[in-house]
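> no FASTA, just this:
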């Protein structure tokens, strides 16, 4: 089941063209990911404590379709995509809630690393958790 | 000839992992693009005034290779890539100046739009300018 | 009656010291102000349309008391303070929800301007609205 | 002798009103402070290593006088102000380079803390250094 995160475009998120700056979609992808973990009682911090992994990004991508403007209500839908030995890809769809229009879609590819930032296999029970809640 | 833009990682650009936050690479891609235009005596504003186009992004991508840390000197190299009828792609390489290590690479694909945000062909003389200075 | 706005500290809001960067309190002051207007069915945009005023800041201040860390739940309480002929001051208190500790307090002083950014008296009915909901 | 730091207003720094967002002045105050330390061969990191202190902010203030717009060249002048037993205040003036108009002024009050974030007296030789270069 996909995970949903809703937010309003803040004034500070806009630029002189009157639209949400393109870099801020990546802030919101991560905010959605944080809320996804929280929905399972986790955070970047507790994932590190319980599963021994950090999850830095190795790839980030966004396709921009329609502009988001100040005060627009935005709904991000997130799904776990490909899960490799050491990487997890999260896919995002960004909807303009009022019109139902697709604003953007994209993905984040994360890699599991230990405390020395060395890539390591993702623990099996963490993979299970993501598969259960995020697909 | 590629265009180069150098900056230092600011404290505000870092996150609790002690590294530059992944979204900030996209701020710096754009900063590099702004400096590239400036090197030709242009800006987003004057491009609009002289050539009648805005250049919103339709695609943004980054591959992360090595972390950038506070106070690191970073050099971004930018080249114009594929130039279509209505789109320009700029490619970026992000180097850690001290070690010479590749920190990241990526691209921005921009689309030419008129004042109503309708996609239009890029004016020929603007294409020539980009080809002359950015490749 | 004071207005309250709650948020969680995002990863992107932290810096290499592991705490919320000091500039981000000002982003959250404004987010709180936006939610306050929203609670009255307004936004910066509709305030301009209905009352003919923009509200740029002339002064911003924050006192930092305790650090906010990643994932902390933060509650901002906002009250309208002094309302002059052309200015409104909003006062903010930032609480760490779990410990009840004061994280910060501060204020924003806004000035009413017309479409030419000339300072003008705040419309009486807007003042009444703020006094009714924000004090 | 006052320290000067020059920057151009980036697109991402603007908001839908076409001006630099009020919170970004605080990012630039700190950027100026970072460049000031750098001019002495220091950084937040090496200040901690050499003098055993961190310098979190206890107070931040800004008065806004004239808007800064995209691509404007901005010059910040910084001077060390009051230096107490445990605190240093830095004063900032923000000039619009082309017109010479004052855009803003403000200050940051920092407190010296040890590795446990406990306030401690500022080492005498650090005070001397600041007095020599920043006033």
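Thanks, I have the structure now. Values in this document were obtained by computation on a predicted structure and should not be read as measured data.
> Now do the lengthiest helix in chain A against helix B:24-39, angle only.
As assigned by DSSP state H, the longest helix anywhere in chain A is helix A:24-39. Helix A:24-39 runs at 180 degrees relative to helix B:24-39, counting by axes from the mean of the first three to the mean of the last three CA atoms, to 10 degrees.
> starting at the chain centroid, how far to helix A:24-39?
Offset of helix A:24-39 from its chain centre (CA atoms, centre = their mean, to the nearest Å): 4 Å.
> and the helix or strand following it, what does it pack onto?
Next along the chain after helix A:24-39, taking DSSP states H and E as the criterion, comes helix A:44-51. The contact analysis (3 or more CB pairs under 8 Å, 6 or more residues apart in numbering or on different chains; DSSP states H and E) places helix A:44-51 against helix A:24-39, helix A:124-134. No exception for glycine: its C-beta is placed from N, CA and C like everyone else's.
> what's the model's confidence in the helix or strand following helix A:44-51, averaged?
Once helix A:44-51 ends, the next helix or strand along the chain (criterion: DSSP H and E) is strand A:57-64. Mean pLDDT, strand A:57-64: 98.
> what does strand A:57-64 rub up against?
A:22, A:25-26, A:29, A:87, A:103-111, B:22-23, B:56-64 (CB atoms under 8 Å, 6 or more residues apart in numbering or on different chains).
> Now the buried members of these.
Neighbour-count burial (16 or more other CB atoms under 10 Å in any protein chain shown) applied to the contacts of strand A:57-64 gives A:22, A:25-26, A:29, A:87, A:103-111, B:22-23, B:57-64.
> rewinding a little: can I get the helices and strands packed on helix A:44-51 in CSV including mean pLDDT?
Listed next are the helices and strands packed on helix A:44-51 as CSV, based on pLDDT from 0 to 100:
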stretch, mean pLDDT
helix A:24-39, 98
helix A:124-134, 94
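> So which of those helices has the densest surroundings on average?
helix A:24-39 (a mean of 22; mean count of other CB atoms under 10 Å in any protein chain shown).
> Is any residue of that one near chain B?
Yes. With CB under 8 Å from any CB of the partner chain as the measure, helix A:24-39 is seen reaching chain B through A:24, A:26, A:27, A:30.
> which one of those residues sits closest to residue A:9?
For residue A:9, the nearest member of those is residue A:24. The distance, counting by CB to CB, is 8.4 Å.
> interface residues of chain A facing chain C?
So far as CB under 8 Å from any CB goes, chain A lies against chain C at A:8, A:10-12, A:27, A:30-31, A:34, A:38, A:43-45, A:70-71.
> let's go with 7 Å and repeat that
With CB under 7 Å from any CB of the partner chain as the criterion, chain A meets chain C at residues A:10, A:11, A:12, A:27, A:30, A:31, A:34, A:43, A:44, A:45, A:70, A:71.
> Could you pull up phi and psi at the third one?
According to degrees, to the nearest 10, the main-chain angles of residue A:12 amount to phi -70, psi -20.
> go on, the last one?
In terms of degrees, to the nearest 10, the main-chain angles of residue A:71 are phi 80, psi 0.
> residues contacting it?
Contacts for residue A:71 (CB atoms under 7 Å, 6 or more residues apart in numbering or on different chains) come out as A:8, A:9, C:43, C:45.
> repeat that for 8 Å
Residue A:71 neighbours (CB under 8 Å, 6+ apart): A:8, A:9, C:34, C:38, C:43, C:44, C:45.
> again, but for residue A:96
Contacts of residue A:96 by CB under 8 Å, 6+ apart are A:66, A:68, A:72, A:73, A:74, A:102, A:103.
> Show me which residues of chain A sit near chain B.
A:17, A:19, A:22-24, A:26-27, A:30, A:54, A:56-64, A:67, A:117.
> rerun at 7 Å
So far as CB under 7 Å from any CB goes, chain A lies against chain B at A:22-23, A:26-27, A:54, A:56-64.
> Including distance to residue A:135, could the residues you listed go into JSON lines?
Formatted as JSON lines, these follow (distance: CB to CB, whole Å):
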{"residue": "A:22", "distance to residue A:135": "28"}
{"residue": "A:23", "distance to residue A:135": "28"}
{"residue": "A:26", "distance to residue A:135": "22"}
{"residue": "A:27", "distance to residue A:135": "24"}
{"residue": "A:54", "distance to residue A:135": "22"}
{"residue": "A:56", "distance to residue A:135": "22"}
{"residue": "A:57", "distance to residue A:135": "20"}
{"residue": "A:58", "distance to residue A:135": "20"}
{"residue": "A:59", "distance to residue A:135": "19"}
{"residue": "A:60", "distance to residue A:135": "20"}
{"residue": "A:61", "distance to residue A:135": "19"}
{"residue": "A:62", "distance to residue A:135": "21"}
{"residue": "A:63", "distance to residue A:135": "21"}
{"residue": "A:64", "distance to residue A:135": "25"}
